[in-house]
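Participant: below are the sequence and a predicted model; questions follow.
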Amino acid sequence: MADEPWGAKAPVVYDRLGFTVTEMEPVIGLEIHAQLKTKTKLFCSCPIEPGAEPNTNICEVCTGQPGALPRMNEKAIELAAMAGLALGSKVNSKSLFSRKNYFYPDLPNGFQTSQLDPPICQGGAMDVDTPSGPKTIRLNRIHLEDDAGKCVHDEKRGRTLVDLNRAGTPLIEIVTEPDLNSPAEAIEFLKKLHALLVRLGVTEGRMEEGEFRCDVNVSLRPKGSTELGVRGEIKNLNSFRFAGQAIEYEIKRQSALYAQGQSVLQETLHFDPAKRETRTLRTKEEAHDYRYFPQPDLPPVRVSEELLTRIRESMPASVEETNQKLLDLGLREDLVTLFMDRKGAPEYLQAAQAALPDFNDAKKLAAVMAEFLLPACQKADLPVSEAPVTPQKLAKLASLMDKGTIGRRAAQELFPLLFQTGADPEELAKEKGLIQISDKGALSAMAAEVVALHPQEVAKYRDGQEKVLSFLVGQLMRKSRGAADPKGAGQALIEAMKG
């Protein structure tokens, strides 16, 4: 498959003689599954622990034992309602669960508990940026459902094992209208939705763990038509890149079929990322094939106005508002992008600003965060909100650097210790001898030693090669373990070389 940019240009379908039949327009709809950020499963108290030993977090409910009755997780209801409010959906005061019947080895009940009519949220929309300007992508619905287990294929031994730790995990499925017309638009929508849900705390969104994944419906129709074509549904895409590649390939596949005078079948497809192509799994089922009927073991889901008010009051500012607030603080655009990409970073910066009454310089705090805190959190695989260095202690570190109490090189040595211990920066700097040396007598003594150890460089400086001074300053800084005041060190060296 040729590597072409994912633009909005419609494919052209040709007949066998090479003449243009018609210009076709891709039509794309998304079904996004986001795992809700709860401690326990949707209908039982089993913990949710990614990476746990297979079949250790299970009980009679999530393994579908006869007579076991589900119990609703109220936190999941709140998170689903929060997602709906953030996306402009109508949150229904009453919604129902249904049984979606199908057989698969990792579905112990023989059905998935989902919502058909009415779902917890209906409608809504989100804007995405396109080459021709902002575009509104409408939402059809958001509904709650439980996840299936996981089949583990042991190709070496020729067998498949089933891990039910994931069975019963709470999900929301967000279904768009078929308003997207290119892989680029779909990727932009997915990225923006992912950032929103993670920022709200609705989901952790770890795509490698399957916590944010999507099914993609792709069809073609003559450009200008309002009728929908026959679609192919590509299942379980868990990366933005794979989603874009799958859509691009499916557009080309369907275009080729129409060009050859063949029909496109409605079917469910699997995307092979190694070959960058889709393959048929089965012909596509319709809703009636699942034999939906009300789940008799669960009462209706109730969402009161009081609950919605409480959720609204607890929601963080929108992505757009936060982005603008960071720009208004004077942060560079690259820092704003970095902070928006790191969950909890804007809130941490705000807390650091409020931590010390005499130091709230947002630009300097953001620079210290970007240089020290964010890389340390990424390396430790910790969210910023769980960093052992509190906002107050980071603000104190930035203040010490701003006052010249400790230098940048000393801060580089100090921060890993702060991150390990969560200690007070000033006390730790004193303990490790990293308080910046500004005393003229101490700097003069060290400068004299450096001059004595490097006579050749001193001779070059005296001959007019002033660049040598940087080397000598570096030697003095090394001697002081980064604690010397660089400006004072340079001046002390100049005085020492005059003698």
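Facilitator: Received the coordinates, thanks.

Participant: spit out the contact partners of residue 343.
Facilitator: 198, 199, 383, 384, 385 (CB atoms under 8 Å, 6 or more residues apart in numbering). Bear in mind the C-beta positions are built from the backbone N, C-alpha and C, glycine included.

Participant: how about the backbone phi and psi for residue 222?
Facilitator: phi -60, psi 130 (degrees, to the nearest 10).

Participant: residue 24 is in contact with that one, correct?
Facilitator: Yes: between residue 222 and residue 24 there is a contact under CB atoms under 8 Å: 6.3 Å.

Participant: so, low pLDDT: which residues of the stretch 151-300 of the chain?
Facilitator: Along the stretch 151-300 of the chain, segments meeting pLDDT under 70 span 284-288.

Participant: so is residue 136 in a helix, a strand, or just coil?
Facilitator: strand (DSSP: H, G, I helix; E, B strand; the rest coil).

Participant: number of nearby residues for it?
Facilitator: Look at residue 136: counted by other CB atoms under 10 Å, it has 10 neighbours.

Participant: look up how far residue 351 lies from residue 344.
Facilitator: 10 Å (CB to CB, to the nearest Å).

Participant: quick check: residue 151 is in a strand.
Facilitator: Yes: counting by three-state DSSP, residue 151 is found in a strand.

Participant: which strand is the longest one in this structure?
Facilitator: strand 20-35 (DSSP state E).

Participant: got the CA coordinates for it in PDB?
Facilitator: The C-alpha coordinates for strand 20-35 follow below in PDB (Å, rounded to 0.1, in the frame of the first residue of the first chain):
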ATOM      1  CA  THR A  20     -13.700   7.500 -14.500                       C
ATOM      2  CA  VAL A  21     -17.000   6.100 -13.300                       C
ATOM      3  CA  THR A  22     -17.600   8.500 -10.400                       C
ATOM      4  CA  GLU A  23     -15.800  10.200  -7.600                       C
ATOM      5  CA  MET A  24     -16.500   8.500  -4.400                       C
ATOM      6  CA  GLU A  25     -16.700   9.900  -0.900                       C
ATOM      7  CA  PRO A  26     -15.700   8.000   2.200                       C
ATOM      8  CA  VAL A  27     -18.200   7.900   5.000                       C
ATOM      9  CA  ILE A  28     -16.800   6.900   8.400                       C
ATOM     10  CA  GLY A  29     -18.500   6.300  11.800                       C
ATOM     11  CA  LEU A  30     -16.800   5.400  15.000                       C
ATOM     12  CA  GLU A  31     -17.700   3.200  18.000                       C
ATOM     13  CA  ILE A  32     -15.300   4.000  20.800                       C
ATOM     14  CA  HIS A  33     -15.000   1.800  23.900                       C
ATOM     15  CA  ALA A  34     -13.400   3.500  26.900                       C
ATOM     16  CA  GLN A  35     -12.800   1.500  30.100                       C
END
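
Participant: for it, name the packing helices and strands.
Facilitator: strand 12-14, strand 170-176, helix 183-200, strand 212-222, helix 240-259 (3 or more CB pairs under 8 Å, 6 or more residues apart in numbering; DSSP states H and E).

Participant: quick one: pLDDT of residue 16?
Facilitator: Note for residue 16: predicted pLDDT of 47.

Participant: quick one, helices of the stretch 51-200 of the chain?
Facilitator: Assigned by DSSP state H, counting those that start in this stretch, the stretch 51-200 of the chain shows helices spanning 74-86, 183-200.

Participant: and for the stretch 301-450 of the chain?
Facilitator: Using DSSP H, counting those that start in this stretch, helices in the stretch 301-450 of the chain cover 305-314, 319-328, 333-341, 345-355, 362-368, 374-380, 391-403, 408-421, 425-431, 440-453.

Participant: roughly how far out does the second one sit from the chain middle?
Facilitator: The one in question is helix 319-328. Chain-centre distance of helix 319-328: 18 Å, with CA atoms, centre = their mean, to the nearest Å.

Participant: the residue lying closest to residue 179 once chain neighbours are set aside pairs with what?
Facilitator: Among residues not flanking residue 179 along the chain, residue 137 sits closest, at 4.8 Å (CB to CB, 6 or more residues apart in numbering). Taking DSSP bridges, one obtains residue 126 as the residues bridged to residue 137.

Participant: now do the same contact list for residue 137.
Facilitator: If you count contacts by CB under 8 Å, 6+ apart, then residue 137 has 125, 126, 127, 128, 176, 177, 179, 180, 185, 189 around it.

Participant: show me the contact partners of stretch 69-78.
Facilitator: With CB under 8 Å, 6+ apart as the criterion, stretch 69-78 contacts 36, 38-45, 61, 113, 120, 144, 170, 297-299, 301, 303, 307, 311.

Participant: endpoints of that stretch, how far apart?
Facilitator: 22 Å (CA to CA, to the nearest Å).

Participant: what about it, average pLDDT?
Facilitator: For stretch 69-78, the per-residue pLDDT averages 97.
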